[in-house]
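Student: Output the structure for:
(chains A and B)
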Amino acid sequence: MKVLLVDDEKEFVSALAERLSFRSVDADWAVSGEAALKMAEETHYDLAVLDVKMPGLGGIELRKQLHGMHPHMKFIFLTGHGSQEDFKVGSEEAAFYLAKPLKIEDLIHKIKETLNL
Amino acid sequence: MSAKVGDILRTIRPRWVALYRPSFWVDRARRYCYIWALSIALLAVVSLVPLTLMVTYVYQSSEQAIYKENVLRILRLTSNTRRTVTSFFEQRLNALRFTVQVESYSYLKRSDHLAGVLKNLKYGFGRIVDLGVIDASGIQVAYTGPFELTGKDYSGQDWFKKTAEQGAYVSDVFLGYRGVPHMIVAVRWGNGQGEDFVLRATLDMEGLSEILHSLELSERSVSFIINRDGIIQTPSRRYGELLEKMCCIPMPEYSEHTEVFETGGEGGNPLMVGYAYIANSPFILLLVKEKSEIMQNWYGLRQNLIIFFLGSLVVIFLVCYVIPTYMIESLYAAEQTQARAIHRLEETARLASLGRLAAGVAHEINNPLAIINEKAGLIKDFITFKEEYKRDGRLEGLIDSVLESVERCGAVTKQLLGFARHTGVSVSTFPVRQVIADVLGFLEKEASYRNIALNLDIQDGLPPLVSDRGKLQQIFLNLINNAFQAVNDGGRIDIAAKTVDAERVAVSVSDNGCGISEENLQKIFDPFFSTKKGSGGTGLGLSITHGLVQRLGGQIAVASEIGKGTTFTVTLPIETKEVGDEGPTRG
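Tutor: Numbering: from 1, shown residues only, chains lettered A, B, ... in the order given. Purely as a prediction, here's the structure:
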């Protein structure tokens, strides 16, 4: 199981990846949509955890492109905003939607749920 | 169709009710009061002035027309009567003239001949009592009639002198030797040879009375004759005794024609007097009518006119009052509605910008908070998963404390974000008890500080709700918060939940606080209605609560008694289907 974490906050995403690794989740991370796309070209990920709002390529658009590349890839959205639009989009894309700051246990739970583990 | 009419009536009715107590008047909206008063005054003037002018004109012209017509009638009647009276005397004088022309003095001097003449005259003309022949020296040489007057000397009498002068004479009425009212007519005859004589006839008064009687005047009208000194010659009913001076009516001025004048009469009862001087006699014919009687037609007309005028006045005043009041009331209501809408818009805008600010701040804090969360979590992971970091047991305690604080901050930012968010209904299944527990979690500390007793009474076997938990939290948070504000320290708040029927659950929040007045109770769900405005209430809490309950397909009711407390009851469907659209509800 490979997980890709994408968030523009490097400190956040790196720490999160490390924490996941303690819990036997193999996670790579990227700080921009562009970097994430490049990584997804080389590696096959089962799941991507995307921040909705990022400079440049945002989470929603990134999800579309990743989905194009890997139709079986699953997604979880993260947001620090919780705006109405985010919520709607997040819900419509039939993916999970978590608000920052998040509890690691919740994330693990959602990852397992999404991948049907 | 009838529903439409009903709607219109419902819209109109409150404004009709406001007619006798217009709300702009109650609110002392000066501009409206001014326009109102001005429109009423203008309308009243514009409609009343022409009406008054018209009624006055009709009043005066009708009165004048009727008056003139009556004057004309009196003139005609008087004139006709004069002709009759004049011809009465003329006929008799002519009879005497005829007699002296055809019969000689010597023939007439004999009383038996004279009696024959009297008989013929009586037969031909009537009303002649006796006949006398007086010679030039004034001695009655022959007489025929009911008295014994032969040889009487009339030389000193006025009528004899006048007859001698004028050739013919009609006397006043007088009592004479006989003590009976009578009058005489006399003609002189002379051939210039010293054989002058006068033929005199006495007329009884019945003849004249009959003429005047034949006019068939009403009770209150009378026609009578006076002489030129104002002495009454025929019975006058109330204007004086026979042969006495006429009272109440001034002597009419001499005129050749028939005239009419108006006089005060007795007791201020105006009289219309028609009169005519009878030619070749001392008589004046009078026809007296009471003005009130002859103007009877006018009084009827006048009464109708006045009733019409007063009726119109009432209707006009009513219309002048009702129309401006109704229109200005509508205008005022429209302006009030507009003002409220603008106010609400401003409040909404204010709230929205506040929401954006809160969301912005929350977002900015959320990101660093997430980093702190992950870093601290990582440290904890190190301690948990790596042996070399486990040496100091205190570190784990410290990290837990940091994580707990981050969690608290996270709860705050989530609430702030939630403030700006109006998400659709997201349905999940949960027990009622859990929502109430969620809310009480926020308030338990305050309850214990203020020593408020919180009693929870949740019916056993209450089915779990399929509803929006977040919205229910907000609903009960608002209601329980209100209860907290209503009770004093040491007060009591009861929260009860039970089923209403198979499909609905009722949750009630009761307090034993200050209560709400009847008047405020009606406005309590209105947006921006607050009794706590001075102390920071926005007046939105219950409005939002009401909107939320409606959105979940439920109802909210309130019962309250001043000094005893208030109970809010929320009735909710056990299974919620979303009602209404997204976006802000009720402000």
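Student: Which residue is the nearest non-sequential neighbour of B:Val117?
Tutor: B:Thr99 (5.8 Å; CB to CB, 6 or more residues apart in numbering or on different chains). C-beta here means a position set from N, CA and C on the backbone, and glycine is covered the same way.
Student: In this structure the one you found contacts B:Leu114, no?
Tutor: No - the pair formed by B:Thr99 and B:Leu114 falls short of the contact definition of CB atoms under 8 Å, at 9.6 Å.
Student: so what's in contact with these two at the same time?
Tutor: Counting by CB atoms under 8 Å, 6 or more residues apart in numbering or on different chains, the common neighbours of B:Thr99 and B:Leu114 are B:Leu108.
Student: Who has more neighbours out of those two?
Tutor: The residue with more neighbours, out of B:Thr99 and B:Leu114, is B:Leu114; 24 against 21, by other CB atoms under 10 Å in any protein chain shown.
Student: is it true that that one touches B:Gln140?
Tutor: No - look at B:Leu114 against B:Gln140 with CB under 8 Å: they stay out of range, at 10.7 Å.
Student: looking at the chain, which helix or strand does the model trust least?
Tutor: Unless you meant another one, I'm taking chain A. When each helix and strand of chain A is scored by mean pLDDT, DSSP states H and E, helix A:84-92 comes last, with a mean of 55.
Student: List the single closest residue to B:Trp159 in space, sequence neighbours excluded.
Tutor: Nearest residue to B:Trp159 in three dimensions, chain neighbours excluded: B:Ser171, at 4.9 Å (CB to CB, 6+ apart).
Student: Ignore what I typed, I meant B:Thr202.
Tutor: Of all residues not flanking B:Thr202 in the chain, B:Val129 sits nearest, at 4.3 Å (CB to CB, 6+ apart).
Student: Kindly report the same for B:Thr569.
Tutor: Ranked by CB to CB, 6+ apart and with sequence neighbours excluded, the top spatial neighbour of B:Thr569 is B:Ser508, at 4.3 Å.
Student: one step back: so the residue nearest to B:Trp159 touches B:Met183, yeah?
Tutor: Yes - between B:Ser171 and B:Met183 there is a contact at 5.0 Å, judged by CB under 8 Å.
Student: more neighbours, these two?
Tutor: B:Met183 (25 against 22).
Student: need the contact list for the more buried one.
Tutor: So B:Met183 contacts B:170-174, B:202-203, B:205, B:233 (CB under 8 Å, 6+ apart).
Student: Output those residues in a markdown table; the columns should cover pLDDT, distance to B:Ile226 and secondary structure.
Tutor: As requested, these are exported to a markdown table (pLDDT from 0 to 100; distance: CB to CB, whole Å; DSSP: H, G, I helix; E, B strand; the rest coil):
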| residue | pLDDT | distance to B:Ile226 | secondary structure |
| --- | --- | --- | --- |
| B:Val170 | 88 | 14 | strand |
| B:Ser171 | 86 | 14 | coil |
| B:Asp172 | 85 | 10 | coil |
| B:Val173 | 85 | 10 | coil |
| B:Phe174 | 81 | 14 | strand |
| B:Thr202 | 89 | 20 | strand |
| B:Leu203 | 87 | 17 | strand |
| B:Met205 | 82 | 14 | coil |
| B:Gln233 | 87 | 6 | coil |
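Student: Show me which of those are buried.
Tutor: B:170-174, B:202-203, B:205, B:233 (16 or more other CB atoms under 10 Å in any protein chain shown).
Student: Farthest-apart pair in the residues you listed, please.
Tutor: Farthest-apart pair in the buried ones among the contacts of B:Met183 is B:Thr202 and B:Gln233; separation 14.7 Å (CB to CB).
Student: still on that earlier bit, what's the closest of the contacts of B:Met183 to chain A?
Tutor: B:Gln233 (118.6 Å; CB to the nearest CB).
Student: Quick check: the closest one vs B:Val187, distance?
Tutor: Separation of B:Gln233 from B:Val187 (CB to CB, to the nearest Å): 21 Å.
Student: next one: B:Gly207
Tutor: 18 Å.
Student: Show me which of the two is the more surrounded one.
Tutor: B:Val187 (24 against 17).
Student: Looks to me like the more buried one is in a strand.
Tutor: Yes - counting by DSSP: H, G, I helix; E, B strand; the rest coil, B:Val187 is part of a strand.
Student: where does it land on pLDDT?
Tutor: We have a pLDDT of 91 for B:Val187.
Student: nearest spatial neighbour of it, skipping sequence neighbours?
Tutor: Nearest residue to B:Val187, sequence neighbours excluded (CB to CB, 6+ apart): B:Leu96, at 4.4 Å.
Student: How about B:Glu290?
Tutor: For B:Glu290, the spatially nearest residue (CB to CB, 6+ apart) is B:Arg220, at 4.9 Å.
Student: got it, and A:Asp46?
Tutor: The shortest distance from A:Asp46 to any non-neighbouring residue, by CB to CB, 6+ apart, is to A:Met1 (5.3 Å).
Student: Quick test: name the residue nearest the centre of chain A.
Tutor: Nearest to the mean C-alpha position of chain A, counting by CA atoms, centre = their mean, stands A:Val49 at 1.0 Å.
Student: Helix, strand, or coil at that residue?
Tutor: A:Val49 ends up strand, using three-state DSSP.
Student: so it bridges to which residues?
Tutor: Beta bridges link A:Val49 to A:Leu5, A:Ile76, judged by DSSP bridges.
Student: Give me the distance between it and A:Ile111.
Tutor: For A:Val49, the distance to A:Ile111 (CB to CB) stands at 8 Å.
Student: Mind listing the shared neighbours of those two?
Tutor: Residues within reach of A:Val49 and of A:Ile111 at once, by CB under 8 Å, 6+ apart, are A:3, A:76.
Student: hmm, back to that, residues shared between the contacts of B:Leu114 and B:Gln140?
Tutor: Common neighbours of B:Leu114 and B:Gln140, using CB under 8 Å, 6+ apart, are B:132-133.
Student: List the buried residues of the strand or helix carrying B:Leu118.
Tutor: Element membership for B:Leu118 (DSSP states H and E) is helix B:111-124. Residues B:111, B:113-115, B:117-118, B:121 are the ones in helix B:111-124 that count as buried (16+ other CB under 10 Å).
Student: now stretch B:402-412
Tutor: For stretch B:402-412, the buried set under the neighbour-count rule, 16+ other CB under 10 Å, comprises B:402-403, B:406, B:409-410.
Student: which residues of the stretch 401-550 of chain B fall in helices?
Tutor: With helices called from DSSP state H, counting those that start in this stretch, the stretch 401-550 of chain B shows them at B:432-449, B:469-486, B:518-523, B:541-551.
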